[in-house]
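> using only what follows, build the 3D model:
(2 chains)
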Amino acid sequence: MSLSQLEGLVCKICNVSQLRQLHAHLVQNSLHHQNQWVSLLINQCTRLRAPPTYTRLIFDSTPHPSIHVFTSMFKYYSFLGNVHSNQVVSLYQRMQCCDDIWLGTFVYPVLIKSSGSAGIAFHAHVLKLGLGSDQYVRNAIMSVYSKYGPVDHAREVFDEMPERTLVDWNNMISGYWKCGNKVEACKLFDMMPEKSVVTWTAMVTGYARMKDLENARRYFDNIPEKNVVSWNAMLSAYAQNGSPEEALRLFEDMMNSGDQPNETTWAIVISACSSCGNSSPANSLVQKLNQKRIHLSYIGKTALLDMYAKRGSLKIAREVFDELGVYKNSVSWNAMISAYARVGNLTSARDLFDKMPERNVVSWNSMISGYAQNGQSALAIDLFKDMTAANDPKPDEVTMVSVISACGHLGALEIGNWAINILAKHRISLSISVHNSLIFLYSKCGSMDDAKRIFNEMKTKDLVSYNTLIAGFAAHGDGMEAVKLMAKMKEESIEPDRVTYTVILTACSHARLLEEGWKVFESIKDPDVDHYACVVDLLGRVGKVDEAKNIVDGMQKEAHAGVYGSLLNASRIHKRIDLGEFAASKLFELEPHNSGNYILLSNMYASAGKWDDVVRVRETMRNAGVKKATGWSWVEYSGKMHKFIAGDRSHELSDGIYRLLAELGRKLRNAGYIADKACVLRDVEEEEKEEMVGTHSEKLAVCFALLVTEAKSVIRVVKNLRVCRDCHTAIKMISKLEGRKIILRDNNRFHHFSDGLCSCGDYW
DNA sequence: ATAGGGTTAG
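Numbering: from 1, shown residues only, chains lettered A, B, ... in the order given. Below you'll find the model as predicted:
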């Protein structure tokens, strides 16, 4: 078989298994020693998107690869993107043993462009070889500078050229767009002697990167002769910037224009369908794909997988994933992992994460954020520690957003500070999201001054920045600051959303700002049930319990447990047994297994001195088989979270902690502390042991901190259930007796104890 | 041979 015969044959090959057969045939006849033939095969691997393991097998079975073979391999790797730049560099080291240097102008451009950021290192090398004046080499150098910066170096090369081709201009323009330099990009565009469809498309993409869809569209509409790539650029501009519906409308135009979609087009359109508001575009797209018997690339299939997952068909998504077989790349694995993580199936997500061959930063991010968003903050942080221990891949800003907010949820400021150091160490860019996560961290750790400082340092703030800081003020009972911040937000013309209204109403309610809160509530165009719950809480807290009931009765929407919960809590505070019993009866219908409702009702009776009813509620609760939720408290000490629960002795310092608790108990009683009767009754009933009275989790946590920390340091305790009155009283007194500042956080509210007082004011 | 478009994480 001659080379030209082989060429004719390989062009007809349309899948990898045929390619595999041909390779086996060549090896059998020892033809794989002939480098031209191997080169041809590897080029076909690029065309057919053969998996890297197989392509590399062809290369590795070649005894003496020529520069041609190396070049084909570089081209293959560069086609796969920059994920394989390590292999490229190590191949380059092997290539230096070849002596046909005359091919330098042929191999260097593709080598430089396929080795990612390492390509910059070849600049000096090619100058030494005297290849600096070759237009292709120069072009590669320019493109690597424009990709990995500094773009000014690209410009120097550009300026030194005796004459510039159209390609050089285009390259330079996209270089400026990549680093966000709109001014220079536009300047060059206007200066250009002639433009091509590539130039115009680069402008469309550039404006899309700046999220300026109007200008992107303006340039797109001006393209004299559009091609698939220009359509794709505009389609993805819409799809990537939150306008999937617009993308699909444009796709209709494209279909009518006569330009045929390619694999890239389908990938964009599929991903647009996965972020649409409803499923009907996705359904009709699937129909269209089947009708036209479209062959999707592995990228299109990955987009399809993601679409099924986001539309709730996890099973079909998994089928697509499994069908991908050896064509799975890290993106497909990541898409499947995040699909599982999104629905809270962390076991399956972790299973894939552990199995996947090459984890990149997105894989780690998907898994870490999966834990973080499903309430597993500690696991998120543990996994992040594994990531930093491996030191590969390096964390990026997405990683840090998840990790920092996980620290916030736990109230882990020490670990949070360690994470902040990592930000500096890896020079991770402080995006708006990172700033927002820092505001969240400091708010949740009780450092509102730091939260405010971060907020004020931000050049651009978004809706989330405002919402997070307002939520911080709400949790700290600082209603006026919250109201002021909402006014400022309107000045900056950032529109409040439903979250803003929820947190601002919470803030007003905690600070008992009736007038301000009511004004906010009245300004909400279409309040949802959460807002009703907040306003009922607001009215109830200040004593307008009947008005609160009227709101509930007059609601346009069906009340949920939060609404009745607010009403019950208000009835407890103001001893309105009649309303409390009404609210509780509704709650027992809506949430028969929520122990909190029984406790609230029982505490209402307790505060009214109706002890018989207290006992009766406890009995009902026991008979209904409702178990009290476990009220963990935890303290961070020396980078670790120490967890406590009432009566538990599993902590290694338990003996010391209980001894200190008993000692403190004596001191407190001498100072006039009387254990809350409701607590006594509850503890005796549940633990059946007198000695257990007072071993609430938050007291254990405080004692632990007193035992291990320095005398002047602030104690920070987080509790995952509402703090009871008994603990509140006890801790107030402890702060005075021990001269300590104690910050206690329950789910969403802060208590700053100092010198026998609490910042929240006594709200029992 | 060189320039413009694609999937995943927050």
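> make it CA atoms for all contacts and neighbour counts henceforth
Will do.
> am I right that A:Thr630 is in contact with A:Ile645?
Yes: counting by C-alpha atoms under 8 Å, A:Thr630 touches A:Ile645, with 7.5 Å between them.
> the more surrounded of those two?
Between A:Thr630 and A:Ile645, A:Ile645 has the larger neighbour count (other C-alpha atoms under 10 Å), namely 21 against 11.
> got a list of what that one touches?
Contacts for A:Ile645 were tallied using C-alpha atoms under 8 Å, 6 or more residues apart in numbering; they are A:Thr630, A:Gly631, A:Trp632, A:Ser633, A:His696, A:Ser697, A:Glu698, A:Leu700.
> quick check on those: which are buried?
For the contacts of A:Ile645, a neighbour count by 16 or more other C-alpha atoms under 10 Å gives the buried set as A:Gly631, A:Trp632, A:Ser633, A:His696, A:Ser697, A:Glu698, A:Leu700.
> okay, and which of those residues map to strands?
Among the buried ones among the contacts of A:Ile645, DSSP state E puts A:Ser633 in strands.
> the buried ones among the contacts of A:Ile645 in helices, which ones?
Under the assignment DSSP state H, the buried ones among the contacts of A:Ile645 contribute A:Ser697, A:Glu698, A:Leu700 to helices.
> for these, which one is nearest A:Val542?
Using C-alpha to C-alpha, A:Glu698 is the member of these that sits closest to A:Val542, with 27.9 Å.
> how near is the closest one to DNA strand B?
A:Glu698 is 30 Å from DNA strand B, where distance means C-alpha to the nearest atom of the strand, to the nearest Å.
> could you give the bridge partners of the residue nearest to that residue when sequence neighbours are not counted?
Nearest non-adjacent residue to A:Glu698, counting by C-alpha to C-alpha, 6 or more residues apart in numbering: A:Ser633, 5.4 Å away. Under DSSP bridges, the beta-bridge partners of A:Ser633 are A:Phe644, A:Lys719.
> what does the pLDDT read for A:Ser633?
Note on A:Ser633: pLDDT of 92.
> need the pLDDT of A:Leu3.
69.
> how about the helices in the stretch 551-700 of chain A?
Remark: helices assigned in the stretch 551-700 of chain A by DSSP state H, counting those that start in this stretch are A:561-573, A:577-590, A:595-607, A:611-623, A:654-670, A:677-687, A:697-708.
> quick one, the fourth one and helix A:595-607 angle?
To tie it back to what came earlier, the one meant is helix A:611-623. Between helix A:611-623 and helix A:595-607, the angle comes out at 170 degrees (axes from the mean of the first three to the mean of the last three C-alpha atoms, to 10 degrees).
> next, the buried residues of helix A:611-623.
Across helix A:611-623, burial judged by 16+ other C-alpha under 10 Å covers A:Trp611, A:Asp613, A:Val614, A:Val615, A:Val617, A:Arg618, A:Met621.
> now do the fifth one
Of the residues in helix A:654-670, those scored as buried under the neighbour-count criterion (16+ other C-alpha under 10 Å) are A:Ser654, A:Ile657, A:Tyr658, A:Leu660, A:Leu661, A:Leu664, A:Gly665, A:Leu668.
> show me what residue of the stretch 451-600 of chain A gets nearest to DNA strand B.
A:Val464 (11.2 Å; C-alpha to the nearest atom of the strand).
> so what's the backbone phi/psi at that residue?
With angles defined as degrees, to the nearest 10, A:Val464 sits at phi -60, psi -40.
> name the residues of the stretch 151-300 of chain A found near DNA strand B, please.
By the rule C-alpha under 7 Å from any atom of the strand, the part of the stretch 151-300 of chain A lying against DNA strand B is A:166-168, A:170-171, A:174, A:196-199, A:201-202, A:205, A:227-230, A:232-233, A:236, A:239-240, A:262-265, A:267-268, A:271, A:297-300.
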